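Engineer: here's my sequence, what's the structure:
(chains A, B and C)
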Amino acid sequence: MSKENKIVKLYKNLRKKYGHPQGQWKLWCKRPKSEKEREEVIIGAILTQRANWKNVELAMNNLKKARMNSIRKIPADKIRLVSCIRPSGFYKQKGEYLCGLTKFISEKYGSVREMKKQPLPKLRRELLGVKGVGPETADSILLYALDKPVFVIDEYTRRLLRARGAKYEDLRNLFEKNLKKDYRLYQDFHALIVIDGKNK
DNA sequence: AACCAGGAGAGAG
DNA sequence: CTCTCTCATGGT
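Structural biologist: Below is the predicted model of the structure:
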């Protein structure tokens, strides 16, 4: 059996088992997204780093109540920002990361809408240069906020493939090489992998 | 009550 | 390049 069949088959099995991604994924897999929703996904990508999703929701709700759930408002009041995101853990670090990332987007592109027009490789390179944005976070932003066809690799993907030691880029290539270059497929597939991982 | 959740940076070897 | 340590809260 070729590897292509294996990856595609995996998707079909997960799809049969879980259907369309639900719960927390309703926003992340939503198509199309509004500008505001894209901004929330970008903020969420930082907040979910090594954090329980429940705690991320608490942090996000605090941001909404404070009306700070936007790229423009995040860097405006760092003290308030940090107190809002406290439930997601690592709050001082994440506060810095969020300010740096949102400033980068505002200063470089002005809006997510403009940023989205840029080519994928360029955006990926730039995002990886932002402090606090590693491969998984960069790719989550590219895929879920900017509709770019990049496959996100995380701990669940490694567990599922039993490839704990494998390099990030190697796994990413494995998926991208064997799938149609379609961000909608990548969004749903990755979401299903996480859903399945949590299910165990 | 210990253990862990969708990472990333910094430092050491 | 490959470990190892650190950052921190809330849920089970």
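
Engineer: could you use CA atoms for every contact and neighbour count after this?
Structural biologist: Noted.

Engineer: show me which residues of chain A sit near DNA strand C.
Structural biologist: When proximity is defined by C-alpha under 7 Å from any atom of the strand, chain A lies next to DNA strand C at A:50-52, A:54-55, A:86-94.

Engineer: just the ones in helices from the residues you listed, please.
Structural biologist: Among those, the ones falling in helices (DSSP state H) are A:54, A:55, A:91, A:92, A:93, A:94.

Engineer: may I ask which of the residues you listed has the most neighbours?
Structural biologist: Among these, residue A:94 has the most neighbours (other C-alpha atoms under 10 Å), with 22 neighbours.

Engineer: got the contact list for that one?
Structural biologist: By C-alpha atoms under 8 Å, 6 or more residues apart in numbering, the residues touching residue A:94 are A:46, A:47, A:132.

Engineer: any idea how far residue A:27 is from the first one?
Structural biologist: With distances taken as C-alpha to C-alpha, to the nearest Å, residue A:46 is found 16 Å from residue A:27.

Engineer: of the contacts of residue A:94, list those near DNA strand B.
Structural biologist: Within the contacts of residue A:94, those near DNA strand B by C-alpha under 7 Å from any atom of the strand are residue A:132.

Engineer: now render the contacts of residue A:94 as CSV, adding pLDDT, secondary structure and neighbour count.
Structural biologist: CSV is the format used below for the contacts of residue A:94 (pLDDT from 0 to 100; DSSP: H, G, I helix; E, B strand; the rest coil; neighbours: other C-alpha atoms under 10 Å):
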residue, pLDDT, secondary structure, neighbour count
A:46, 98, helix, 25
A:47, 98, helix, 29
A:132, 98, coil, 19
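
Engineer: related to what we said a few turns ago, list just the nearest of the residues of chain A next to DNA strand C to DNA strand B.
Structural biologist: Nearest to DNA strand B among these is residue A:50, at 2.9 Å by C-alpha to the nearest atom of the strand.

Engineer: which residues are in contact with stretch A:180-187?
Structural biologist: When contacts are defined by C-alpha under 8 Å, 6+ apart, stretch A:180-187 is touched by residues A:28, A:29, A:143, A:144, A:147, A:148, A:149, A:150, A:151, A:152.

Engineer: now do stretch A:131-151
Structural biologist: Residues from elsewhere that reach stretch A:131-151 (C-alpha under 8 Å, 6+ apart): A:28-29, A:37-39, A:41-42, A:45-46, A:49, A:94, A:97, A:100-101, A:112, A:116, A:120, A:123-124, A:127-128, A:152-154, A:168, A:172, A:175-176, A:181-184, A:186-187, A:190.
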